[in-house]
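Participant: Just the structure for this:
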Amino acid sequence: MAEKMKYTKEAYNLLVERLDWLKNTRRAEVVHDIEVARGFGDLSENAEYDEARTEQAKVEAEIKELDEKIRNAVIIEEKEIDSSVISIGSVVVIRYEEDDEEEKYVIVSSNEVDSDKNHISNLSPLGKYLSGHKAGDVVNVLVEGAKGVIINNYKVEIVSVDRAGKDD
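Facilitator: Sure thing, here's the model as predicted:
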């Protein structure tokens, strides 16, 4: 049985939208590309046909993956969440003790990570150690390498905690 994954309602909806697009739009485009490529002649030496078939395999694999994620999704209900405690969907501002720099992160499930937007997983070292804490707490973050060896150790102060969607 596949592992249940937690999603915000917004993230779940994005998965459903992507799956819908793949099944109802992209899949048809790829089938059309295959039909066009067949018209180019001998399939054994037809690069366009090979490329279209490869794309079809990628689309079908992503459809299968999204089906599985949606089937095993657990949607986090905002009304059930204590917004003062860090969890998936929290927008967190922290201050690194070593250099007094502040950084803003959004805590997300592992399937929603986007480093360009500072969306970090609740399973990452920082996300894991921040989860369950509140503004004002000082947290010691341990980063483990292979075989549980500590490769980094630092402290952060939680400056503020809010919920995603307000101004993230």
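Participant: The lengthiest helix in the chain: how far from the chain's middle?
Facilitator: Taking residue count as the measure and DSSP state H as the definition, the longest helix of the chain comes out as helix 47-71. Chain-centre distance of helix 47-71: 19 Å, with CA atoms, centre = their mean, to the nearest Å.
Participant: Return the set of buried residues in that helix.
Facilitator: 48-49, 52-53, 56, 59, 63, 66, 69 (16 or more other CB atoms under 10 Å). Backbone N, C-alpha and C define where each C-beta goes, glycine included.
Participant: which residues sit against that helix?
Facilitator: Surrounding helix 47-71, the residues in contact under the criterion CB atoms under 8 Å, 6 or more residues apart in numbering are 2, 5, 12, 15-16, 18-19, 22-23, 26-27, 30-31, 33-34, 36-38, 40, 43, 111.
Participant: Drop anything exposed from the residues you listed.
Facilitator: Among the contacts of helix 47-71, those classed as buried by 16+ other CB under 10 Å are 5, 12, 15, 18-19, 22, 26, 30, 33-34, 37.
Participant: Nearest to residue 148 among those?
Facilitator: Within the buried ones among the contacts of helix 47-71, distances to residue 148 taken as CB to CB reach their minimum at residue 5, with 24.6 Å.
Participant: For beta bridges, what are the partners of that closest one?
Facilitator: Beta bridges link residue 5 to residue 73, judged by DSSP bridges.
Participant: Next up, the contacts around it.
Facilitator: Applying CB under 8 Å, 6+ apart, the residues contacting residue 5 are 69, 72-74, 109-111.
Participant: try residue 78
Facilitator: The contact partners of residue 78, taken as CB under 8 Å, 6+ apart, are 8-9, 89, 163.
Participant: List the neighbouring strands of the strand ranked longest in the chain plus their orientation.
Facilitator: Longest among the strand segments of the chain by residue count, using DSSP state E, is strand 150-163. Based on DSSP bridges, the pairing partners of strand 150-163 within the sheet are strand 90-96 (antiparallel), strand 138-144 (antiparallel).
Participant: Understood, closing this out.
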